[in-house]
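# this one's sequence-less:
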DNA sequence: AGGTATTCACATGAAACTATTCTCTGAGTTAGG
DNA sequence: TAACTCAGAGAATAGTTTCATGTGAATACCTGT
């Protein structure tokens, strides 16, 4: 492209009318003014939290429901409102929101406590101190703050999975030692069965109150989507039936509103880039594929080399036949390591890596028994042939083979 | 034929080990009075 | 003498290895008919 062409391109881009008025309305961080279809939950939550305005410690709350059911949004909405009231009547009420899914922060008990402490305005070194010391600093910080502090632990199941429930026990017990401050906990979890395998003491004190969020049904999704689309898109751009299709699709996939909105946004971006006059249903299909592809690409390339080597091994034998077993993968992997100059890991470690790849949603695994011929993990890769090839090629680059 | 025992090829768990990162401490060093 | 520096001690984590134990069902092996 010559310089003139490029300039022309940008000129054209500027002149071209965008599909979007406000793309933010379709992003998951968007906070609408009012939240629909969650009235019951909002009311419940508000009822439980209200006493905190009179300086009484509210019950600990446990929220659970599938992803994209509006849990986080609802909580944030309520926090916003209750805080503004608290401010007006100068009540000392504080919320601390922590998303436990973000690595780096939540891999260990130490880090979480340190992070919470930092949010309270303490400087706590990332390592070097005994955990007990950090606890001390933390409770000190709390005591200094006074009033009521409520910790919102989003994706709390991830936290427990990684560091165990001891930290929750300590948090719930902390009130006994605090004089000026009371703390409450709001736990948010995607995993419905999560509470079952908690320490009974923690379970009972954490879930003094429970609120469950049922997934949105197709009609609710449709309403939400429509509402956001009006904000996000220009008028008359959406093809007839598009919103219905999108929401029906998301509803059949677990009622995840976040994904539903993302699908719409990406479809819009695709259509816009292709200079299409309208946003059509076929763009939804493209968007779905793109979202998946991007997700896989991103996660795979963000993994350490050993993971990538394992991934490459799996991909290279996944062609055509659908069943791959751990033993096969390990053999391929070993020769691959020699070629790529990596130190081969043990098979034990490989099974863990495979399990982690499964967790990331890049591959699917299932433990099966082949009777006399042993027990193994059946690995399937449910990706498009084209996508597999692309990933393989970029992995070859990264691994230098 | 029907029932039981074996056996395979890993899965799954626990513990221990290694390398690395980070802060803190205190001895040694330096500069100024 | 106070301030500064810097190596080494401690604490903690990530990523593994080692050792030990578990497991589902296709087969091999009996048993009695």
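Right, received. Where do you want to start? Just so we're clear, the structure is a prediction, and the values are computed from it rather than from any experiment.

# what does stretch A:316-328 contact?
A:314, A:329, A:332, A:347, A:350-351, A:354, A:376-381, A:388, A:392 (Cβ atoms under 8 Å, 6 or more residues apart in numbering). For the C-beta atoms, the positions are set from N, CA and C on the backbone; glycine is no exception.

# give me that answer again for 10 Å
Stretch A:316-328 has contacts (Cβ atoms under 10 Å, 6 or more residues apart in numbering) with A:313-315, A:329, A:331-333, A:336, A:347, A:350-351, A:354, A:363, A:365-368, A:370, A:373-383, A:385, A:388-389, A:392, A:395-396.

# same check, this time on stretch A:254-261
Residues outside stretch A:254-261 that contact it (Cβ under 10 Å, 6+ apart) are A:25-28, A:30, A:37, A:65-70, A:72-73, A:213-218, A:220-222, A:224-225, A:228-229, A:232, A:243, A:246-251, A:253, A:262-263, A:288, A:291.

# one step back: just the contacts of stretch A:316-328: which are in helices?
Within those, membership in helices is found for A:313-315, A:329, A:331-333, A:336, A:347, A:350-351, A:354, A:385, A:388-389, A:392, A:395-396, as judged by DSSP state H.

# Drop anything exposed from these.
Burial by neighbour count, judged by 16 or more other Cβ atoms under 10 Å, picks out A:313-315, A:329, A:332-333, A:336, A:350-351, A:354, A:388, A:392, A:395 from the ones in helices among the contacts of stretch A:316-328.

# Turn those into JSON lines, including distance to DNA strand B and pLDDT.
Below are these laid out as JSON lines (distance: Cβ to the nearest atom of the strand, whole Å; pLDDT from 0 to 100):
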{"residue": "A:313", "distance to DNA strand B": "13", "pLDDT": "94"}
{"residue": "A:314", "distance to DNA strand B": "12", "pLDDT": "93"}
{"residue": "A:315", "distance to DNA strand B": "17", "pLDDT": "92"}
{"residue": "A:329", "distance to DNA strand B": "9", "pLDDT": "94"}
{"residue": "A:332", "distance to DNA strand B": "12", "pLDDT": "94"}
{"residue": "A:333", "distance to DNA strand B": "12", "pLDDT": "94"}
{"residue": "A:336", "distance to DNA strand B": "17", "pLDDT": "93"}
{"residue": "A:350", "distance to DNA strand B": "7", "pLDDT": "95"}
{"residue": "A:351", "distance to DNA strand B": "3", "pLDDT": "95"}
{"residue": "A:354", "distance to DNA strand B": "7", "pLDDT": "94"}
{"residue": "A:388", "distance to DNA strand B": "21", "pLDDT": "88"}
{"residue": "A:392", "distance to DNA strand B": "22", "pLDDT": "91"}
{"residue": "A:395", "distance to DNA strand B": "22", "pLDDT": "91"}
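
# so can I have TSV of these showing distance to residue A:173?
Converted to TSV, those look like this (distance: Cβ to Cβ, whole Å):
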residue	distance to residue A:173
A:313	47
A:314	45
A:315	48
A:329	45
A:332	50
A:333	46
A:336	50
A:350	40
A:351	37
A:354	39
A:388	51
A:392	51
A:395	48
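
# Among these, find me the one that's closest to residue A:87.
Ranked by distance to residue A:87 (Cβ to Cβ), those are led by residue A:354 at 51.0 Å.

# List the contacts of the closest one.
Contacts of residue A:354 by Cβ under 10 Å, 6+ apart are A:307, A:310-311, A:313-314, A:324, A:326, A:329-330, A:363, A:365, A:377, A:379.

# In those, which residue is surrounded by the most others?
Most neighbours among the contacts of residue A:354, by other Cβ atoms under 10 Å: residue A:311, with 28 neighbours.

# Please, which helix or strand holds that one?
If you go by DSSP states H and E, residue A:311 is part of helix A:305-318.

# do that helix and DNA strand C meet at all?
Yes - for helix A:305-318 and DNA strand C, the contact criterion (Cβ under 7 Å from any atom of the strand) is met by residue A:306.

# how distant is the helix or strand just after that helix from the center of its chain?
As assigned by DSSP H and E, the chain's next helix or strand after helix A:305-318 is strand A:324-325. Here the centre of strand A:324-325 is set off from its chain's centre by 29 Å, with Cα atoms, centre = their mean, to the nearest Å.

# Can you list the strands that strand A:324-325 pairs with?
Strand A:324-325 has the following strand partners under DSSP bridges: strand A:375-380 (antiparallel).

# roughly how far out does the partner strand sit from the chain middle?
With Cα atoms, centre = their mean as the basis, strand A:375-380 stands 27 Å off its chain's centre.

# quick check: angle from it to helix A:305-318?
If you take axes from the mean of the first three to the mean of the last three Cα atoms, to 10 degrees, strand A:375-380 sits at 80 degrees to helix A:305-318.

# quick one: average confidence on strand A:375-380?
For strand A:375-380, mean pLDDT is 93.
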